[in-house]
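S.K.: Task: produce atomic coordinates for the following.
(chains A and B)
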Amino acid sequence: MADILTPSAWLLALLQALLFPALAPLLVGWVRKVKARLQNRRGASVFQPYRELRKLLFKEARVAHTASPLFRAAPSVVFVATWLAAATVPLLTIDLPTAVVADIIVLVGLLALARVFLALAGMDVGTAFGGMGASREMMISALAEPAMLMAVFTLAMTAHSTNLGSVIAHHLGDAFVLRPSYLFAFAGLTLVALAETGRIPVDNPTTHLELTMVHEAMVLEYSGRHLALMELAAQIKLLLYGVLVANIFFPWGIATDPTPVSLAIGFGAILLKLALLGAALAVAETVLAKMRLFRVPAFLNLALLLSLLGLLSHVILEVGA
Amino acid sequence: MNLPALPLLQQLVVLLAALVLFLSFVLLAQSRLVSAIHAFAWQGALVAAVTAVVALSGEVHHLYFSAGLTLILKALVIPAMLHRQVRGLELERHTEALQRPTLAIMAAVGLVIFSSWLVLPLVAEELAFTRNILAISLAVVLIGFLMMVVRQQAVAQVLGFMSIENGLFLAAVSATGGMPLIVELGVAFDVLVAMVLFGVFFFHIRESIDSLDVDRLNRLSETPEIAGEERP
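M.R.: Residues are numbered from 1 along each chain as shown, chains lettered A, B, ... in the order given. Model prediction:
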């Protein structure tokens, strides 16, 4: 562990942390582009989310008269907490000092912190839609978090560690093994990721109908640079879950040593994996319809059941007596 | 059992067995009859696949035959018969919500834990690589029983009964490398005959109480207004 606490390792960690906000809008743009093509539209350029963010950054930020200081602080808190969570996820290399400092449970906690401030900000101004969105978000996350933790425990039991770097290293070190527990954890984590990032079966990111909004309802009162930070945080969250799923379950290609060549291979591999995942997400969003809100608990119960079965099949089938 | 030490084919058996268990859960919680029949067909196909892969990895040739038999009977013929009966009874769009779905699922999870605890002494004997699958097959059997208890619809109860048979078959394949061929043929025909009898019973129940909700059998026929009130 001593060798990875060197300045160069921290520089690499910083580079990875900077890559997250730099790549996040690209993933969103890519998903939108694929979705547009599937719907027989040409769609905007994949760089459109960057332009939108720049436009928002230079616009004046208007704040409601009834807003408290929390309303102004919330975008920064949400953004920083999400970014810190993203910094603990191995993107290019598994030798990550931030992953040693903060394990998966801290990651879940940081995301929960961001969510609490998002919900508080939604309720702060006192509009009906903000409070409604906040209550919905809390219902979804209260159901999604146990499923996520259960999936995480399944992985941690296989690797005997909750450190993301060692989970991935353990998976890489094995030869090709068909693990039922990984299959279940993968399915469970994917469902959780769809719910947490507000994608289509649970929430529609492009909706303009206030009654069906969840995430959008909470940020309805924001404008200018506040809105830009909120949007970027949501995009980073999507990228975070994408990298989490891609690198834990399909870790091949990620750099195990900090040489430039393997880092470049790792970068290419993660870009390829994210492109495939984004395309799969776009296909899923095209063929699936949004669920009624009261169907969401059943959806997340399925995620919990899958994660639980992953845990059980690890204990019953993979460890044994 | 140390999973990475096993050959790939045997890992595949373990994976397929875990999927059979998952389909038992799907069967338990699925409220649409037609989807439940599809889930049952997939479970049968997976049991057939387990049998085929066990045959492939252990070079047990007569298991290929029983895999084929299972595939034809449990994944094709019986689901098709059930489909036809459901269509005949005009139940295609019938949905039956469980009273407390989460509770039923948690009970099933409890059954899985119970059965894994139950087979621990057997697992310690180290009979074969498939011994841990015994826990899975026992759990499939118990979840089938649970399904017959919590479901009110006669067709869904029959699906539970049939999935018990799937669990028993999985146990036989994984523990002993399959039963003798003559026994398997007998069981297969028994299942087929049972299916035909169930079909006759469906129509009889339907004729006498005008529904396939077997909870109504508990009520006296002189009090139709109560039955009509609760389940229109």
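S.K.: does A:V89 sit in a helix, a strand or a coil?
M.R.: coil (DSSP: H, G, I helix; E, B strand; the rest coil).
S.K.: which ones are touching it?
M.R.: Neighbouring residues of A:V89 by CB atoms under 8 Å, 6 or more residues apart in numbering or on different chains: A:99, A:107, A:164, A:240, A:243-244, A:247. Glycine gets a C-beta too; all of them are placed from N, C-alpha and C.
S.K.: For B:F201, see how far away it is.
M.R.: Distance, A:V89 to B:F201, by CB to CB, to the nearest Å: 57 Å.
S.K.: before we move on, back to that, inside helices: which ones of the contacts of A:V89?
M.R.: Those of these mapping onto helices are A:99, A:107, A:164, A:240, A:243-244, A:247, per DSSP state H.
S.K.: Using ChimeraX, make a named selection holding only the buried ones among those residues.
M.R.: To isolate the buried ones among these in ChimeraX, judged by 16 or more other CB atoms under 10 Å in any protein chain shown, type:
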select /A:99,107,164,240,243,244,247
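S.K.: want to throw the ones in helices among the contacts of A:V89 into CSV with distance to chain B and pLDDT?
M.R.: Output for the ones in helices among the contacts of A:V89, formatted as CSV (distance: CB to the nearest CB, whole Å; pLDDT from 0 to 100):
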residue, distance to chain B, pLDDT
A:A99, 24, 78
A:L107, 26, 93
A:L164, 21, 88
A:L240, 27, 95
A:V243, 26, 94
A:L244, 23, 93
A:N247, 20, 91
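S.K.: Closest one of the ones in helices among the contacts of A:V89 to B:V20?
M.R.: A:L244 (28.6 Å; CB to CB).
S.K.: okay, now the residue nearest to B:S57 when sequence neighbours are not counted: neighbour count?
M.R.: Leaving out its chain neighbours, the residue that sits closest to B:S57 by CB to CB, 6 or more residues apart in numbering or on different chains is B:L9, at 4.0 Å. Taking other CB atoms under 10 Å in any protein chain shown as the criterion, the count of residues near B:L9 is 14.
S.K.: interface residues of chain A facing chain B?
M.R.: By CB under 8 Å from any CB of the partner chain, the residues of chain A that approach chain B are A:174-180, A:183-184, A:298, A:301, A:305-306, A:308-309, A:312-313, A:315-321.
S.K.: taking those one by one, which sit in helices?
M.R.: Per DSSP H, the subset of those in helices is A:180, A:183-184, A:298, A:301, A:305-306, A:308-309, A:312-313.
S.K.: pLDDT wise, what is A:T197 at?
M.R.: With respect to pLDDT, A:T197 has a value of 91.
S.K.: For A:A36, which non-adjacent residue is closest in space?
M.R.: Using CB to CB, 6+ apart, the nearest residue to A:A36 is A:G43, at 2.6 Å.
S.K.: Three-state assignment for the one you found, please.
M.R.: With three-state DSSP as the basis, A:G43 sits in coil.
S.K.: now do the one 3 residues further on
M.R.: Secondary structure assignment for A:V46 (three-state DSSP): coil.
S.K.: roughly how far apart are it and chain B?
M.R.: As judged by CB to the nearest CB, to the nearest Å, A:V46 and chain B stand 37 Å apart.
S.K.: Test my guess that that residue contacts A:W30.
M.R.: Yes. Applying CB atoms under 8 Å as the test, A:V46 and A:W30 come out as touching, 5.2 Å apart.
S.K.: could you measure A:R295 against chain B, distance?
M.R.: Distance of A:R295 to chain B, computed by CB to the nearest CB: 12 Å.
S.K.: same deal with A:H170?
M.R.: Taking CB to the nearest CB, one finds A:H170 at 11 Å from chain B.
S.K.: Look at that residue and say how many residues are nearby.
M.R.: Using other CB under 10 Å: A:H170 sits among 17 other residues.
S.K.: I figured it hits A:A156, correct?
M.R.: No. Counting by CB under 8 Å, A:H170 stays clear of A:A156, with 10.0 Å between them.
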